[in-house]
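sharing a sequence plus its predicted fold:
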Amino acid sequence: MRIIIITLALFPHVALALDLTSLQQRLHAQQNFSAELSQSKTLNGWNKPLQASGVMACTQEHGVLYFLQRPINASYWLQADQIQVREGSAPLRVMTTAQMPWLSGITQLFSASVSGDWARLQQQFNVVMVKSDDRDWRIELTPLAAPLNAALQSVQVSGGSQIEQIVITDKKGDRTQIVLQHHQRIDSAYMNALLQHAGQTASVTSSQGLR
Amino acid sequence: MRRIIWVAFLVICASYIAWRQQHDRVFETDMLKLLPSWSNDAMVQQARDTVRHQALAQTIFLIGHRDFSVAKQQAMQWTQYLKESGVFESVQCEVAVPDIDALAQFYRPYSDRLLSDEEQHFLATNADAEIELLLQHWLSPVGLSLPDDKIGNLARFLQQHSTASARLSWREGVLSVDHDGESWVLVRAQTPDKVFDANWQEHAYGVIESRRQHVSDTHVVWTGLFKFARDARVQTAHEINVISALGTAGLLLLLWFVLRRVYPIVLMAAVIATSMLGATALSLLVYGQLHLITYVFGATLIGIAGDYALHYLVQHAASGAHWHAAEAMRRLAKPLTTALLTTVLAYAAICLTPFSGFRQMAVFCLFGLLCAYLAVVLALPECLAAPAAQPARGLLWFERGFRRLQQRPSVSLLLLLWLIFGVVCGYGGWRLNADDDIHLLQKPSPTLLAEQQQLAAITGFEPANQFFLVRADDHEQLLQREEMLVAALHTAVQRQQLKHFSAISQWLPSQQRQQKNQQLLQEASRTGAIQQAFAQLGAESTALPLSVTPLMPTVFFAQSFAQIMVPQWLTSGQQVGSIVTLNGVRDRDVLRSFNRIDGVQFIDERAAISTLFAEFRVQAMTLVAVAYLIVAIALWWQRGAKQMIRRLLPTVLATALTLALLAIFGVAINLFHGVALMLVLGIGVDYSLFLADGEGHEASSLLAIVLSAFTAMLAFGLLAFSHLPAVAGFGLTVLIGVALALVLAATVFWWRNE
């Protein structure tokens, strides 16, 4: 589950392999976007996948908003060094890398991808282009080092003109599929409104910690 | 012959002190050693020692740079450097990733008995909230999921404690935090047991600071109790040097001004040296170690011990050709012995206070006075056998002043003086207030405090001086009581009265609690909230495992991750106890109110010491009053009521005025002012006694009194510049008191013709 976040951090900025430069340019040009998201978690010990849906939005300025609307209302705002969580009517809480060391991996990846520091990204992941069709590409990432590789098996990202699907498999065999549809370009104002709608206020200083 | 013995005594004392200084710790610098123990309770002591020991052992460094990788590299080099210096017991920079999977593996067999505090509350009282909690956990993209933890209660149990009190986070193998555009990396060092050892302090401080100067583009912020201990020692030692140097120089100058000869000044310096060296050597023999504060107060010896020589030297100068050394000493021996005895009595009274620091100070001064007395009585006549060439000029001025003093002022002037006195004392009495804070004895330099605050701001880590001690007859009862405290502390955290706390029961629930948890989980998964949550997702619920054995303390404390909690787990006699540590305490009163929980005790050392100071302040003031009463009764019995009033009134007035003046200048009264007033009585009464009983005597005795008052004022007055409020207050009180006592002593003449 935490793996989803790792992947979110990587995209839509990552553009590697096949035609690294053109994919990078393509995704970079569209990095301010929102899309409908469908999340499906296939977990060990469960007789059926768990479905949820909502909106995902991203701008270079704000970071990534992961906003689940059904069947629960919860939003997760990924910023440089923390994740701000709003679940139900509970007070906002901030998860920092202090509480979860693997978050620091994410933040590094996040900053690496924003700054286009591909060399640094490749220090953490083994990156393989599995499919290289311009309309239907797929990249597979395998973590190289702790703490990422302790939790994460692999991440597959695929799409055409946009990122359309992310599949994350963790070490326990749990699998999470995120499908993104109906992309649209957004601006800063739209993102701010969306953040507000998702119950994320601009700043939360006190850490309420994890439950 | 006596001169040779005298010199030999000085040499022996000096060599002994030098030898002791070479071989071990001569000065105690731990301020807490001055204080009496505020609790006789063995477990409180044990808990206190544990907490203090842990605090003393920590030295923390933060290495900062704009670029994290540079900061990390510098931190590693810094660590290596400190390790190689051998100053610290251990130095650590790199830390392993916290291994939550290993923790989960240990707790898994008991997972049906473990619930976070929040979830337990929901399961017991609010099914809807529990359903929401479950759905959030299952669907969250950032939740922690553990193997064989379908409901997620184990993950929630483990995560409830990860609310970090510090902002530091794990990054590339080190603990780091970003603050004000810089990345800071943490280096921790374990100090050895000799935190208060001056040699070690200097060595460690030098090692750190010299390196700190060399890393120019990186910032190094560091703190630790040893740094504060060193600061206190250096400041105090500096004061001792300044005070004793100025005191000695002042006294010798004064003597030069009056006598204008070198030889008496050399003798005076020798007497002072005898007093100081003798007191130090003898006290070291008795105590093994001297507290630095003893030495600060001891510097006042210069003023008192000098007096003995002063009387003799002034007589010598005044006698001119009629001088007979042995005869003069025979005459002087009686008042000298009386003076010694009254001062000894004053110090003996100070010995009655329960402060070991005061006792040591009093004993130190007693030794010093005794050495000075013996040197003057036994050796000075031999040294001053030859008569002085001619009377000193200064004497003539004093004779004129002496005549003027004996004239009685008019009644209206007297009334005016009484009125002023009444107003000053009344206003002062109204303004009088007390301050018994521990800051009296601890006043770190602002730069040190600023650095500590910077460190707290960067890391968010504010370890509290206060903690909770929980105790019970057995471990199960202990954990149950701790759980009640933890519930109360959670509320305090929510209300921002406290930032963070850490208790063993958060990791090791009581058996009662484990059983309750098991029951709640079983019920909820069969018919309650858990079952409904599964139904909402259209998923099948599965039966929960049912463990038989609860998690026991013996099993828990056998784990390596639990080892850091072992010191918090206490045993004393038949009782067991545990320490709940606190971070970022905002409201002490609320926390103190948790004492209402059975077996729970809020330990606030600062508050306890302040209470102690307040108690002793009252005791000291009472002691002053009792001392006046005793002196009054003795004088009454010896000389009758009128003569008693005549001799005692000046000092009583001086004491009252001193208190009033202190109050008017906004000085809050504490224990140390009380002790100082005791000395004012001891010294002040002497003046009126000398003047009243020495009727018709030559002006030279007045000169000796004035000189001795000046020297006392010089010695105590210099203490007023001490950085420690306790010492400064003490010095200021004696200064004002003695000055007033001297001036008011002149009133004894006004009674003469009645």
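Looks like it came in fine. Numbering: from 1, shown residues only, chains lettered A, B, ... in the order given.

now the residue in the stretch 401-550 of chain B that chain A sits nearest to: closest residue in space, sequence neighbours ignored.
Per Cβ to the nearest Cβ, the residue of the stretch 401-550 of chain B with the smallest distance to chain A is B:Glu540, at 4.6 Å. All C-beta atoms are positioned from the backbone trio N, CA, C, and that covers glycine. Counting by Cβ to Cβ, 6 or more residues apart in numbering or on different chains, B:Glu540 lies nearest to A:Asn47, which is 4.6 Å off, once chain neighbours are set aside.

from what I can see the one you found touches B:Ala539, true?
Yes. With the criterion set as Cβ atoms under 8 Å, A:Asn47 and B:Ala539 qualify as a contacting pair; they are 6.0 Å apart.

picking that back up, my read is that the residue of the stretch 401-550 of chain B closest to chain A contacts B:Phe534, right?
Yes. Using Cβ under 8 Å, B:Glu540 makes contact with B:Phe534 at a distance of 6.8 Å.

higher neighbour count, these two?
B:Phe534 (21 against 11; other Cβ atoms under 10 Å in any protein chain shown).

using the three-state scheme, assign the residue nearest to B:Glu540.
coil (DSSP: H, G, I helix; E, B strand; the rest coil).

and the residue in chain B sticking out farthest from the centre, helix, strand or coil?
Seen from the C-alpha centroid of chain B, the residue lying at the greatest distance (Cα atoms, centre = their mean) is B:Gly538, 65.8 Å away. At B:Gly538 the chain is in coil, as set by three-state DSSP.

and for the closest residue in space to it that isn't next to it in sequence, the neighbour number?
Closest residue in space to B:Gly538, ignoring its immediate chain neighbours: A:Lys48 at 6.8 Å, by Cβ to Cβ, 6+ apart. Other residues lying near A:Lys48 total 12 when counted by other Cβ under 10 Å.

next one: phi and psi at A:Lys48?
The main-chain torsion angles of A:Lys48 are listed as degrees, to the nearest 10 and equal phi -150, psi 160.

and what of the one 3 residues further on?
The main-chain torsion angles of A:Gln51 are listed as degrees, to the nearest 10 and equal phi -100, psi 140.

so what's it up against?
Contacts for A:Gln51 were tallied using Cβ atoms under 8 Å, 6 or more residues apart in numbering or on different chains; they are A:38-40.

got a pLDDT number for it?
The score at A:Gln51 is 91. That number is its pLDDT.

just B:Ala270 next, same as before
In this model, B:Ala270 is scored at 90, pLDDT.

that one touches B:Leu10, doesn't it?
Yes. With contact defined as Cβ under 8 Å, B:Ala270 reaches B:Leu10; the gap is 7.5 Å.

ok so, going back, separation between the residue nearest to B:Gly538 and B:Ala539?
In this structure, A:Lys48 lies at 6 Å from B:Ala539, with Cβ to Cβ, to the nearest Å as the measure.

can I get stretch B:113-133 as PDB, trimmed to CA atoms?
Coordinates of each C-alpha in stretch B:113-133 appear next as PDB, following Å, rounded to 0.1, in the frame of the first residue of the first chain:
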ATOM      1  CA  ARG B 113      -4.400  -8.900  22.500                       C
ATOM      2  CA  LEU B 114      -2.900  -5.600  21.200                       C
ATOM      3  CA  LEU B 115      -4.900  -2.400  20.400                       C
ATOM      4  CA  SER B 116      -3.900   1.200  20.000                       C
ATOM      5  CA  ASP B 117      -5.400   3.400  22.600                       C
ATOM      6  CA  GLU B 118      -7.600   5.000  20.100                       C
ATOM      7  CA  GLU B 119      -8.900   1.800  18.600                       C
ATOM      8  CA  GLN B 120      -9.600   0.400  22.100                       C
ATOM      9  CA  HIS B 121     -11.700   3.400  22.800                       C
ATOM     10  CA  PHE B 122     -13.600   3.100  19.500                       C
ATOM     11  CA  LEU B 123     -14.200  -0.600  20.000                       C
ATOM     12  CA  ALA B 124     -15.500   0.000  23.500                       C
ATOM     13  CA  THR B 125     -17.700   3.000  22.700                       C
ATOM     14  CA  ASN B 126     -18.100   3.900  19.100                       C
ATOM     15  CA  ALA B 127     -18.700   1.300  16.400                       C
ATOM     16  CA  ASP B 128     -19.100   3.800  13.600                       C
ATOM     17  CA  ALA B 129     -15.700   5.400  14.200                       C
ATOM     18  CA  GLU B 130     -14.100   1.900  14.300                       C
ATOM     19  CA  ILE B 131     -15.700   1.100  10.900                       C
ATOM     20  CA  GLU B 132     -14.300   4.300   9.400                       C
ATOM     21  CA  LEU B 133     -10.900   3.600  10.900                       C
END
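
average pLDDT for that stretch?
So the average pLDDT for stretch B:113-133 ends up being 90.

now do stretch B:341-348
For stretch B:341-348, mean pLDDT is 77.

what comes up buried for that stretch?
Counting neighbours by 16 or more other Cβ atoms under 10 Å in any protein chain shown, one finds that the buried residues in stretch B:341-348 are B:342-344, B:346-347.

okay if I get those as CSV plus distance to A:Val94?
Written out in CSV, the entries for these read as follows (distance: Cβ to Cβ, whole Å):
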residue, distance to A:Val94
B:Thr342, 69
B:Thr343, 66
B:Val344, 67
B:Ala346, 63
B:Tyr347, 61
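
just the ones in helices from those residues, please.
Among the buried residues of stretch B:341-348, the members falling in helices are B:342-344, B:346-347 (criterion: DSSP state H).

ok, those vs A:Ile163, which is closest?
For those, the closest approach to A:Ile163 (Cβ to Cβ) belongs to B:Tyr347, at 85.9 Å.

what's A:Val179 sitting at in phi/psi?
Taking degrees, to the nearest 10 as the convention, A:Val179 sits at phi -110, psi 130.

and the spatially closest residue to it that is not a sequence neighbour, what's its pLDDT?
Counting by Cβ to Cβ, 6+ apart, A:Ser38 is the residue found nearest to A:Val179 once chain neighbours are left out, at 4.6 Å. Here, the pLDDT recorded for A:Ser38 equals 93.

same check, this time on A:Asn73
Here, the pLDDT recorded for A:Asn73 equals 90.

isn't it right up against A:Ala90?
No. Shown here, A:Asn73 and A:Ala90 do not form a contact pair, counting by Cβ under 8 Å, at 11.0 Å.

may I have the secondary structure class of B:Asn583?
strand.

no no, A:Trp137
Using three-state DSSP as the criterion, the local structure at A:Trp137 reads strand.

what's the burial count for it?
Around A:Trp137 sit 22 other residues, with neighbours defined as other Cβ under 10 Å.

which SSE is the residue nearest to it when sequence neighbours are not counted in?
With sequence-adjacent residues excluded and distances taken as Cβ to Cβ, 6+ apart, A:Trp137 is closest to A:Lys131, at 5.7 Å. Of the helices and strands defined by DSSP states H and E, A:Lys131 is found in strand A:125-133.

name the residues of that strand that come out as buried.
Of the residues in strand A:125-133, A:125, A:127 count as buried by neighbour count, 16+ other Cβ under 10 Å.

tell me what that strand is packed against?
strand A:136-143 (3 or more Cβ pairs under 8 Å, 6 or more residues apart in numbering or on different chains; DSSP states H and E).

got the buried residues for the strand it packs on?
In strand A:136-143, counting by 16+ other Cβ under 10 Å, buried: A:137-141, A:143.

which strands and helices sit next to it?
Here strand A:136-143 touches strand A:125-133, strand A:152-159, going by 3+ Cβ pairs under 8 Å, 6+ apart.

all helices for chain A, in order.
According to DSSP H, the helices that chain A contains are A:2-10, A:20-29, A:101-114, A:118-124, A:148-151, A:188-197.
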